[in-house]
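A.B. asks: compute the structure for the input listed below.
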Amino acid sequence: MSETSFDLVVIGGGPGGYGAALYAASAGLSVAVVERDKVGGACLHRGCIPAKEFLETAAVVRTVKHAGDFGVVVEPKALDWPVVLQRKQQVIDRLFGGVSQLLKGRNVDVFAGTGTLGAGRTVTVRNDASGESVVLTGASVILASGSVPRILPGFEPGGVVVTSDEFFDITQVPYRSVVIGGGAIGCEFASTLADLGSQVTLLEALPKILPGCDEDVTRVVVQSFKKKGIDVRTGVAVEGHTPNGVGGTTVQLGDGSALDSELVVVSIGRRPNTASLLGPGVGVELTDRGHVDVDDHYRTHAEGVYAIGDVIDSPQLAHVAFAEAICVVRRILGEDVPPVDDDFVPWAIYCNPEVAFAGYSEAQARERGHEVVTSKHRFAANSRAMIIGETDGLVKVIAERDADGRAGRILGVHMVGPWVTEQLSGGYLAVNWEATVDEVASFIQPHPSLTELFGETVLSLTGRSLHG
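C.D. replies: Have a look, this model is predicted:
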């Protein structure tokens, strides 16, 4: 074994890991990244990026389907699935090459293999192919090993059953499909499959899909899903499935009913990936749920060892991992920096219709003791939404009720509809800068634009409005 020392050693090359490496290297630190698979992590290779690539293919299918509404005559065309898979891989490969080049350009050393933290901030890297090992020592260490899909007993991956790890390599769009899990990723899978022509049943054990979303937003998604033909079932349990021997399976539900399907997508969340991460006596502790235990500044119980991203109990979002990475590196550099406020991070869900929000939902605001004033406006009356032919959705703003009864500080901004994931920045800034409705109402929104709806919604909370 050889030993190499660095200012920072990062275990995991996903968004949090490579983000920390790039940011630290730009500050002049010597950095090593340990990655078992490929830099970019699950987000790039088996998550965010391929999911959105499939969703964009679905959007093109919708555009072609409704081209006649715009006076454009399009010959019926079949879906060339091998081309879809090829384009998906081209996007992944290009981004992978870009990240790799960035790391190389900033002199970040990338070690291929499984990293295990040992005492004294040592990291043993075992190359899974060659079996060779190298020991790295870091003045600081960041654990960013990410997460893996949760497995549902009775629905282990194989055959027609897939998780997000296998979904992006399916060889064809199934005639019938079942998606188990109505969270953000499950809804993206259901939306994609339905737009590509599959008959989809979406199963959720909780009373509602998208449990973290505002009720008004969820209601719009459910209505839109039903118009797509998605059979949304909540409050249902699954008992198992029985392959039928001809390329499909029958899913048994807790109420005694059954569903025939050619594909079962299990999307019930992800669990922290701590396998082989911690050696004996390192001092890093895990929570009851298996996350690496950290304080408010992402410090573990071991001196000089931090953890970020999906391996800790914070929102499982790539952009949150980036933000946590920057916080940790700045702290390593001796800067005083506040941690990420998990209550006010931006959320983006890319199903059709899209969902985006920041801050409290109406129910959450009331649970935290706030007296609130709310306003919502629908895209049905928005000129740009009419022009592009996507009028399902709304913008809802939750504000604190001041002593005089008027709306004050903006507590939450919730959107559902066309391209809202690209419109949230104004609402995110308003929430995090603790802006009032009077302050934000003075901002000018371009016309005609989808973002006008946010401006109109805030303006109405001042007691005066234009179109509302």
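A.B. asks: then Leu202 would be within a strand, right?
C.D. replies: Yes: according to DSSP: H, G, I helix; E, B strand; the rest coil, Leu202 belongs to a strand.
A.B. asks: and the pLDDT at the spatially closest residue to it that is not a sequence neighbour?
C.D. replies: Once its chain neighbours are removed from consideration, Leu202 has its nearest residue in Ala190; the separation is 4.5 Å (CB to CB, 6 or more residues apart in numbering). Placement of C-beta: from N, CA and C, glycine included. Among the per-residue scores, Ala190 holds a pLDDT of 98.
A.B. asks: dump the residue contacts of Ala190.
C.D. replies: Shown here is Ala190, whose contacts under the criterion CB atoms under 8 Å, 6 or more residues apart in numbering are Val179, Gly182, Val200, Leu202, Phe225, Ile230, Cys351.
A.B. asks: and the longest helix seen in the chain, what's buried?
C.D. replies: Longest helix in the chain, counting residues (DSSP state H): helix 81-105. By 16 or more other CB atoms under 10 Å, the buried positions in helix 81-105 come out as Val84, Leu85, Lys88, Gln89, Val91, Ile92, Phe96, Val99, Ser100, Leu102, Leu103.
A.B. asks: next: stretch 401-416.
C.D. replies: Neighbour counts using 16+ other CB under 10 Å place Arg406, Ala407, Gly408, Arg409, Ile410, Leu411, Gly412, Val413, His414, Met415, Val416 of stretch 401-416 among the buried residues.
A.B. asks: which strand or helix spans Thr250?
C.D. replies: For Thr250, the element it lies in under DSSP states H and E is strand 249-253.
A.B. asks: what's the average pLDDT for the next helix or strand after that strand?
C.D. replies: The C-terminal neighbour of strand 249-253 among helices and strands, as given by DSSP H and E, is strand 258-261. Taken as a whole, strand 258-261 carries a mean pLDDT of 97.
A.B. asks: same thing with stretch 82-102?
C.D. replies: Stretch 82-102 shows a mean pLDDT of 98 in the predicted model.
A.B. asks: got a list of contacts for it?
C.D. replies: 18, 22, 38-40, 44-45, 49-50, 53-54, 57, 110, 168-169.
A.B. asks: pick out the most distant pair among these.
C.D. replies: Every pair in those was compared (CB to CB); the two farthest apart turn out to be Thr57 and Val110, at 31.4 Å.
A.B. asks: related to what we said a few turns ago, return the member of the buried residues of stretch 401-416 nearest to Glu362.
C.D. replies: Comparing the buried residues of stretch 401-416 against Glu362 with CB to CB places Gly412 closest, at 7.4 Å.
A.B. asks: among the contacts of Ala190, who's most crowded?
C.D. replies: Counting by other CB atoms under 10 Å, Val179 has the largest number of neighbours within the contacts of Ala190, with 30 neighbours.
A.B. asks: with just CA atoms, put whatever helix or strand that one lives in into CSV.
C.D. replies: According to DSSP H and E, Val179 maps onto strand 176-180. Taking C-alpha atoms only, strand 176-180 is exported to CSV below (Å, rounded to 0.1, in the frame of the first residue of the first chain):
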residue,chain,number,x,y,z
ARG,A,176,-49.6,-1.7,-18.9
SER,A,177,-47.5,-0.6,-16.0
VAL,A,178,-47.8,-0.2,-12.2
VAL,A,179,-45.9,2.4,-10.3
ILE,A,180,-45.6,1.7,-6.5
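A.B. asks: may I see the buried residues of it?
C.D. replies: Within strand 176-180, the residues that qualify as buried are Ser177, Val178, Val179, Ile180, counting by 16+ other CB under 10 Å.
A.B. asks: try stretch 349-365
C.D. replies: Burial within stretch 349-365, assessed by neighbour count using 16+ other CB under 10 Å, is assigned to 349-362, 364-365.
A.B. asks: cool, stretch 206-219 as well?
C.D. replies: By neighbour count, with 16+ other CB under 10 Å as the criterion, the buried positions of stretch 206-219 are Lys208, Ile209, Leu210, Cys213, Asp214, Asp216, Val217, Thr218.
A.B. asks: which of these sit farthest apart?
C.D. replies: Of all pairs drawn from the buried residues of stretch 206-219, the widest gap by CB to CB lies between Ile209 and Asp216 and measures 13.8 Å.
A.B. asks: name the helix or strand for Pro50, please.
C.D. replies: Mapping Pro50 onto the secondary structure by DSSP H and E places it in helix 48-65.
A.B. asks: between that helix and helix 81-105, how big is the angle?
C.D. replies: For helix 48-65 and helix 81-105, the angle between their directions (axes from the mean of the first three to the mean of the last three CA atoms, to 10 degrees) works out to 140 degrees.
A.B. asks: contacting residues around the strand holding Val179?
C.D. replies: Taking CB under 8 Å, 6+ apart as the criterion, the residues outside strand 176-180 that touch it are 152, 155, 186, 189-190, 193, 198-203, 238, 248, 251, 259-268.
A.B. asks: now the residue nearest the centre of the chain. Nearest residue, chain neighbours left out?
C.D. replies: A centroid search over the chain (CA atoms, centre = their mean) returns Leu317, at 4.6 Å, as the residue closest to the centre. Residue nearest to Leu317 in three dimensions, not counting chain neighbours: Val345, with 6.7 Å by CB to CB, 6+ apart.
A.B. asks: any idea how far the one you found is from Arg378?
C.D. replies: Computed with CB to CB, to the nearest Å, the distance linking Val345 and Arg378 is 26 Å.
A.B. asks: one more: Leu278?
C.D. replies: Between Leu278 and Arg378 the computed distance is 51 Å (CB to CB).
A.B. asks: which one of these two has more residues nearby?
C.D. replies: Leu278 (22 against 19).
A.B. asks: note down every partner strand of the helix or strand following the longest helix of the chain and its orientation.
C.D. replies: For helix 81-105, the following helix or strand on the C-terminal side (DSSP H and E) is strand 109-112. Listed by DSSP bridges, the sheet partners of strand 109-112 and their directions read strand 31-35 (parallel).
A.B. asks: with secondary structure, pLDDT and distance to Lys65 as added columns, please give the buried residues of stretch 401-416 in a markdown table.
C.D. replies: A markdown table is the format used below for these (DSSP: H, G, I helix; E, B strand; the rest coil; pLDDT from 0 to 100; distance: CB to CB, whole Å):
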| residue | secondary structure | pLDDT | distance to Lys65 |
| --- | --- | --- | --- |
| Arg406 | coil | 96 | 46 |
| Ala407 | strand | 97 | 41 |
| Gly408 | strand | 98 | 45 |
| Arg409 | strand | 98 | 43 |
| Ile410 | strand | 98 | 38 |
| Leu411 | strand | 98 | 39 |
| Gly412 | strand | 98 | 34 |
| Val413 | strand | 98 | 31 |
| His414 | strand | 98 | 28 |
| Met415 | strand | 98 | 24 |
| Val416 | strand | 98 | 21 |
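A.B. asks: which one of those is nearest to Glu390?
C.D. replies: Each of the buried residues of stretch 401-416 was scored against Glu390 by CB to CB, and Val416 proved nearest at 11.3 Å.
A.B. asks: contacting residues for that closest one?
C.D. replies: Val416 makes contacts with Val217, Val220, Val221, Pro353, Glu354, Val355, Ala356, Asp392, Gly393, Leu394, as judged by CB under 8 Å, 6+ apart.
A.B. asks: wait, the last one sits on Ser375?
C.D. replies: No: using CB atoms under 8 Å as the test, Leu394 is too far from Ser375 to be in contact (10.2 Å).
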